[in-house]
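> I'll drop the sequence and a predicted model, then ask my questions.
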Amino acid sequence: MTESASIERRRRTRVVYRGDVEVLVNDHPLKIKHSRDISLRGLFGETGYQVPLGTSCQVVIRLGGEDEELTLRIEAVVARVTPEGLGLEFTGMDPEAFQHLRNIVLYNSPDPDRIEAEFRRPGIK
């Protein structure tokens, strides 16, 4: 499959995101060196760790604020493993984490109107 074909299958737009991200696998933290992109459905993170496909994990995203740090905890599964890193598919999060994730995607998008249209599209969660 070509790269363009795999991109076309994606149901959510991915945006560049360079944040403080960690993955917890069996409560063992794996630091993501660089998060390459993020969407409402998942994240690709550059890391030196190899984790088997299908492994359940938790993605921890730390957002710095003026007064305090906010931490998002998102349930995920390892959906892709490459020499560069891990593709993580989000499988569950609380409504507050979803709203913050939505804002991350909107804020980092070059086309926020397109992202907003995706939110309204039926059948896509």
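Great, that's in hand. Residues are numbered from 1 along each chain as shown.
> quick one: average confidence on the lengthiest strand in the chain?
Using DSSP state E to define each element, the chain has its longest strand at strand 70-81. The pLDDT scores in strand 70-81 average 95.
> Determine the longest helix present in this structure.
Secondary structure of the chain per DSSP state H: the longest helix is helix 95-108.
> Could you identify the helix or strand that succeeds that helix?
As assigned by DSSP states H and E, the chain's next helix or strand after helix 95-108 is helix 112-120.
> That next one - contacts with which helices or strands?
Here helix 112-120 touches helix 95-108, going by 3 or more CB pairs under 8 Å, 6 or more residues apart in numbering; DSSP states H and E. Using the backbone N, CA and C atoms, a C-beta is placed for each residue, glycine as well.
> Need the nearest residue in space to residue 34, chain neighbours excluded.
Distance criterion CB to CB, 6 or more residues apart in numbering; nearest residue to residue 34, sequence neighbours excluded, is residue 46 at 4.4 Å.
> neighbours of the residue nearest to residue 47 when sequence neighbours are not counted, just the number please.
Leaving aside its sequence neighbours, residue 47 sits nearest to residue 85 (CB to CB, 6+ apart; 4.9 Å). Using other CB atoms under 10 Å, residue 85 is surrounded by 22 other residues.
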